[in-house]
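>>> let me see the structure of the following:
(one chain, ligands or ions: 2)
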Amino acid sequence: MPIVAPSLLASNFLKLQDECNMLNESEADWFHLDVMDGVFVPNISFGLPVIEQIRTATKKVCDVHLMIVQPERYAEAFKKAGADILTVHYEACTHLHRNIQQIKSLGMQAGVSLNPHTPVDVLKDVLDDIDLVLIMSVNPGFGGQSFILHSLQKIKQLRKMIDERALETRIEVDGGITLENAASVVRAGADVLVAGSTVFKSPDPKATIRQLKQIH
Ligand code: DX5
Ligand code: ZN
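Numbering: from 1, shown residues only. Ligands and ions are numbered 1, 2, ... in the order given. Alright, predicted model coming up:
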């Protein structure tokens, strides 16, 4: 059964409390929170004050996906805002190893995300140190884009690397996940499915989350 992490980026921000309640009542496991700075990605989403508020509205895991440059400047603030998992982009970190250690020393789980063009083997020297790898299956910055098919090869390759070392590192896949392609993503080796539009634009989000949970 996959971990399902709906992305609040596709939610109705005017009704954030209702959206949080819906997720609380649903079978969703994690809240996926997308932070964009307008520099690393060509879009700006929401930041610390919003996450702080969301933290008060749920006991579920807050999975924060940082699409920002120099994430080390904000790691402590995201911990204070309530992040349980903090994921940084490989492409945004000159001193990735140091950033991972910082996140873990603050008491959060550490994730590293890869853009569609970044091969999975760049992680071979840090894989043992991280809790999660986030494979971007669209170019980060926007919800509602189409799944890049080549991501399936990357998931399979990463699954092999993780299994060969008998690690517990989770594979999270983010971007363009639908009820139609989710099974292929899980079969390729994903542990966590992020879904924005598929959940929040659905006429029955809770039922859609239940369907995603049942994928195998
Ligand atoms: C994109 C974000 C995703 C986004 C996914 O940069 O990282 O989490 O919200 O949205 P969908 O599921 O609509 O592709
Ligand atoms: Zn995301």
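>>> how near is the residue of the chain found nearest ligand 1 to G175?
Distances between the chain and ligand 1 by CB to the nearest ligand atom are smallest at G196, namely 2.8 Å. C-betas here are computed from N, CA, C, even on glycine. Remark: distance between G196 and G175 (CB to CB, to the nearest Å) = 8 Å.
>>> list residues touching both of these two?
With CB atoms under 8 Å, 6 or more residues apart in numbering applied, the contact sets of G196 and G175 do not overlap.
>>> hang on, the earlier thing: can you report how many residues neighbour the residue of the chain closest to ligand 1?
24 (other CB atoms under 10 Å).
>>> so it sits right up against V4, yeah?
No - applying CB atoms under 8 Å, one finds G196 not in contact with V4, separated by 11.9 Å.
>>> need the contact list for the residue of the chain closest to ligand 1.
Counted by CB under 8 Å, 6+ apart, G196 has contacts P6, S7, L8, L9, A10, H32, G143, G144.
>>> and if you look at S45?
Counting by CB under 8 Å, 6+ apart, S45 has contacts L9, D34, V35, M36.
>>> one more: K59?
N24.
>>> do Q70 as well
Applying CB under 8 Å, 6+ apart, the residues contacting Q70 are A92.
>>> if I look at it, how far off is T94?
Distance, Q70 to T94, using CB to CB: 9 Å.
>>> strands along this structure, start to end?
Taking DSSP state E to define them, one finds strands in the chain at 3-6, 30-36, 61-67, 85-89, 109-114, 132-136, 170-174, 192-195.
>>> does ligand 2 sit close to the last one?
No - for a cut-off given as CB under 5 Å from the ion, strand 192-195 has no contacts with ligand 2; the smallest distance is 5.5 Å.
>>> may I have that strand as CSV, with CA atoms only?
The C-alpha coordinates for strand 192-195 follow below in CSV (Å, rounded to 0.1, in the frame of the first residue of the first chain):
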residue,chain,number,x,y,z
VAL,A,192,5.1,7.5,-1.7
LEU,A,193,2.8,9.1,-4.2
VAL,A,194,2.3,12.9,-4.3
ALA,A,195,-0.9,14.0,-6.0
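>>> check what contacts it and list those residues.
Contact with strand 192-195 is made by 2-7, 29-30, 32, 65, 132, 134, 170-175, 177-178, 182, 185-186, 208, 212, 215, as judged by CB under 8 Å, 6+ apart.
>>> with ligand 1 in mind, check whether the lengthiest helix in the chain reaches it.
Of all the segments of type helix in the chain, defined by DSSP state H, the longest one is helix 151-164. No - Helix 151-164 stays clear of ligand 1 (CB under 6 Å from any ligand atom), getting no nearer than 11.8 Å.
>>> give me the helices and strands touching that helix, please.
If you count contacts as 3 or more CB pairs under 8 Å, 6 or more residues apart in numbering; DSSP states H and E, helix 151-164 packs onto strand 132-136, strand 170-174, helix 182-188.
>>> that one vs strand 109-114, what angle?
140 degrees (axes from the mean of the first three to the mean of the last three CA atoms, to 10 degrees).
>>> quick one: helix 151-164 to strand 170-174, angle?
In terms of direction (the same axes, to 10 degrees), helix 151-164 departs from strand 170-174 by 170 degrees.
>>> which of the residues in helix 151-164 are buried?
Neighbour-count burial for helix 151-164, with 16 or more other CB atoms under 10 Å as criterion, is recorded at S151, L152, K154, I155, K156, Q157, L158, R159, M161, I162.
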